[in-house]
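Q: need a 3D model of the sequence below.
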Amino acid sequence: MQRTIDIRTDDLSGAATRNLIAFHLAGMHDTSPAESVHALDIDALRHPSLSVWSAWIDGELAGVGALKAIDATRGEIKSMRVDDRFRGSGVGRALLRHIVDEARRRGMSSLWLETGSTADFVPAQRLYESEGFVLCGPFEGYALDPFSVFMTRAL
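A: Next comes the predicted model:
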């Protein structure tokens with residue numbers, strides 16, 4: 001049976017969201033050297049240039065994702081994380097499509113992202129590729145890094 005994914009704007013005040021973001025950040029530090037971790041903590045996600053959404057299934061937090069306005073025409077996908085219990089259930093794709101739709105609604109013409117390069121990140125890379133993202137070079141202050149993959153998509 002297909003379960004409904006409810007995507008909501010998230011103010012980052014809920015314990016479930018805060019815990020998933022902390023878990024995400026810890027995981028990034030477990031798989032990459034500190035200088036290669038670009039995930040944001042709760043305080044950084046509260047920056048006015050960022051909007052955060054959470055995905056819920058049957059009242060349980062299933063994932064989070066954010067859109068950072070680089071400028072009026074470009075956005076960056078940040079802090080995409082699906083709770084391990086919901087991996088493979090379409091939550092990541094639903095969040096990604098929601099962010100793409102929101103970027104279009106805001107008049108952005110392109111989206112950018114940085115993700116990891118190790119085997120742990122292959123499912124994320126495949127998801128992004130399947131939704132039209134292509135490899136590119138570093139952008140907006142990022143540098144070449146063996147632990148990073150950079151991708152972009154025109155909207």
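
Q: now for the lengthiest helix in the chain, which elements pack on it?
A: Secondary structure of the chain per DSSP state H: the longest helix is helix 15-31. Contacts defined by 3 or more C-beta pairs under 8 Å, 6 or more residues apart in numbering; DSSP states H and E place helix 15-31 against helix 42-45, strand 50-57, strand 60-69, strand 74-82. In this view, the C-beta of every residue, glycine as well, is placed from N, C-alpha and C.

Q: among the ones you listed, which is nearest A154?
A: When those are compared by C-beta to C-beta, strand 74-82 sits nearest A154, at 10.4 Å.

Q: next, the angle from the helix or strand that that closest one is followed by to strand 50-57.
A: Per DSSP states H and E, the first helix or strand lying C-terminal to strand 74-82 is helix 91-105. Orientation check (axes from the mean of the first three to the mean of the last three C-alpha atoms, to 10 degrees): helix 91-105 against strand 50-57 gives 140 degrees.

Q: pLDDT averaged over stretch 126-139 - what is it?
A: Summarised as a single mean, pLDDT over stretch 126-139 is 98.
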